[in-house]
Structures are given as C-alpha cells and as structure tokens.
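Okay, sequence plus prediction incoming.
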Amino acid sequence: MPELPEVETTVRGLRPVLEGQRIASIETRRADLRRPFPEDLRQRLTGATVTTLGRRAKYGLIDTDRGDTMIFHLGMSGRWRVDPADLLPHDHLLITTDNGRHLALNDARRFGSVDLWSTAALDSYPPFQGIGPEPLGPELSARQLHDALGGRKASIKLMLLDQRIVAGLGNIYVCEALYLSRISPKTAAGRVSLVRLERLVIAIREVLLAAIDAGGSTLRDYAKPDGELGYFSKQFAVYGREGEACGCGGTVQRYSEGGRSTFWCPKCQR
C-alpha cells in the first residue's frame, strides 16, 4: 500500500503539472472506486483553477480557487499517470487542463478514493478528525509521543501505526524507523523512555525523508506520476529481509502482529 513517502512523491510530481492551471475537463470512467465518486465532481471542478497541492497523512490534497479541495487516497494500487500515450483499462479518473496536460488516476484494485470537501473545513473531513501530528512537522516531538503513549500496554509497533498517535506512518517505515532507533517493536509503548523516543522521532524523520528522496518504495503497483519507480526498497535495512544478516551480526526475523508482518533484529533492537 502506498504510504506517506509515496503520497508525498506523488503530490510533488503533480504540482508542476497542475498548480496554477485551469481544469478544462474532468471525466469519471466508472461510478466508483472504494466508494462512489462525488456526484457533483465534474460540476464543481470543471473551470476551476488549481491553487495549491498538499498532503495530509496518506491523502493527497488538490485545492482550487472555488474553495473546494479534491482529496485522493491511493488505496492499495493507485497511481497518477501524467500525459499518458494511451488510456489503460484501470484509468478511472481523467483530468485535462487548459494548457493541454492530461492526468489519469489508475487504480486496478479500486481500494482508493476521491472526495470533494470545503477547503476551509478540511479538519472536519472524517478521516482527519482526531488524527495525530504530521511526522515531518514540528508538532511531533518526543514529549508529545511520551504523553500520547503513557501507560499503553500495546506494542510500540502497533501504536505507531495508530493514526491517532502519528499521522501517515505505515508498516514499512515503522519497521525501518524502529530498527534505526534500535527499539524492539515488541516493547510496550508506555515503557519506551523519553530518551529513546527522542531517538525514534529523529529516526522516523530520517527514514521518511530518505524514502521521499528515493521516490518512495515500489513493491508491486506504485510508480511516480512520471512513470519512474521508487527505489527506497533497495535501502531497506530490515523490511522484507527475513533470514538475512544484520550489520550487528544478528539475523533479521519476521513475526505477524495486527495482521501485518514485522521485520526486526532481536540482537540490536531491545
């Protein structure tokens, strides 16, 4: 599933194509993805000018001069294609700008979504209600994490995946950040000290920024809007490396928790 770095990379790829451009036409080629497209999508976006693009957690945001924001989620297999030579069977949403650029939202598994929301009221969008701080923003700190995790008996791995604790973190990058900070993913969240949480916050940012610089991680379906693959998967320290040697001399292991695979090194992560 595309995680925060993949969504951030997508937004950065769309920005030079869409920002400041007027939407000449918008077409849905089926009625729904995970849920129906907004009935008034074409009416509200045709003729609107894109003012800014951004991201919240794992959602991409396309703001217009009409006070509307198109919110997209890539689901399991979603990706935007810029100026495609041909349309593919799973190109479900098409956007054309006044200057002749074309964008296609491709989603083979249709677990993604597209919504329209008032820009001024984005905080009331249901998935954003009660969501935690952005991991790359100043709101995330060791003290904030310490307060949020106090007394929690669930593992630090599961708590970091809780979007109410930190927005946008996913399985791959939590595994990598816990490894970089040398924290066992099995440790009860409430028992991780403030000092160790300071290391963890630094590790989270380092891992996410490195992944964004590498264009994200292509494991199956994800590709950047220009068609290029993400290459951070080549830098994985533990994710997907079960049975391989760790630099400390230990061996990377895997276990399942909460329906997800966790990769870690028992020797150096305590």
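Thanks, I have the structure now. Numbering: from 1, shown residues only.

what about the helices in the stretch 51-200 of the chain?
142-149, 156-161, 171-180, 194-213 (DSSP state H, counting those that start in this stretch).

Report the next helix or strand after the longest one in sequence order.
Think helix 194-213. Counting by DSSP states H and E, the next helix or strand C-terminal to helix 194-213 is strand 253-257.

in its sheet, what does that following strand sit against?
When pairing is defined by DSSP bridges, strand 253-257 lines up against strand 260-264 (antiparallel).

Give me the distance from the partner strand to the chain's centre.
Centroid separation for strand 260-264 versus its chain: 18 Å, with CA atoms, centre = their mean, to the nearest Å.

Equivalent analysis for stretch 143-151, please.
Mean-position distance between stretch 143-151 and its chain equals 23 Å (CA atoms, centre = their mean).

Could you check how far R81 is from F236?
26 Å (CB to CB, to the nearest Å). No exception for glycine: its C-beta is placed from N, CA and C like everyone else's.

quick revisit: let me know which of the helices of the stretch 51-200 of the chain is the nearest to Y255.
Shortest distance between Y255 and these, using CB to CB, is found for helix 156-161: 9.9 Å.

Look up how far D123 lies from I212.
Distance, I212 to D123, using CB to CB: 25 Å.

let me redo that: D68
Separation of D68 from D123 (CB to CB) stands at 15 Å.

More neighbours: these two, which one.
Neighbour totals were compared for D68 and D123, and D68 leads with 19 against 10 (other CB atoms under 10 Å).

wait, what's in contact with that one?
Each residue near D68 by CB atoms under 8 Å, 6 or more residues apart in numbering is listed here: 44-45, 48, 116-119.

Select only the buried ones of the residues you listed in ChimeraX?
ChimeraX command restricting the contacts of D68 to the buried ones, with burial defined by 16 or more other CB atoms under 10 Å:
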select :44,45,48,116,117
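
Now, the contacts of D68 that are in strands?
In strands, defined here by DSSP state E, the members of these are 116-118.

Can you list the low-confidence ranges for the stretch 101-250 of the chain?
The stretch 101-250 of the chain contains residues with pLDDT under 70 at 217-224, 226-231.

let's go with 50 and repeat that
Along the stretch 101-250 of the chain, segments meeting pLDDT under 50 span 218-221.

Can you tell me the closest non-neighbouring residue to T64?
Excluding the flanking residues, the one nearest T64 by CB to CB, 6 or more residues apart in numbering is A48, at 3.9 Å.

any idea of the pLDDT on the one you found?
A48 is assigned a predicted lDDT (pLDDT) of 98.

Please look at it and Q21 and confirm they touch.
No: the criterion here is CB atoms under 8 Å, and A48 misses it with Q21 at 10.0 Å.

Mutual contacts of those two, please.
By CB under 8 Å, 6+ apart, no residue touches both A48 and Q21.
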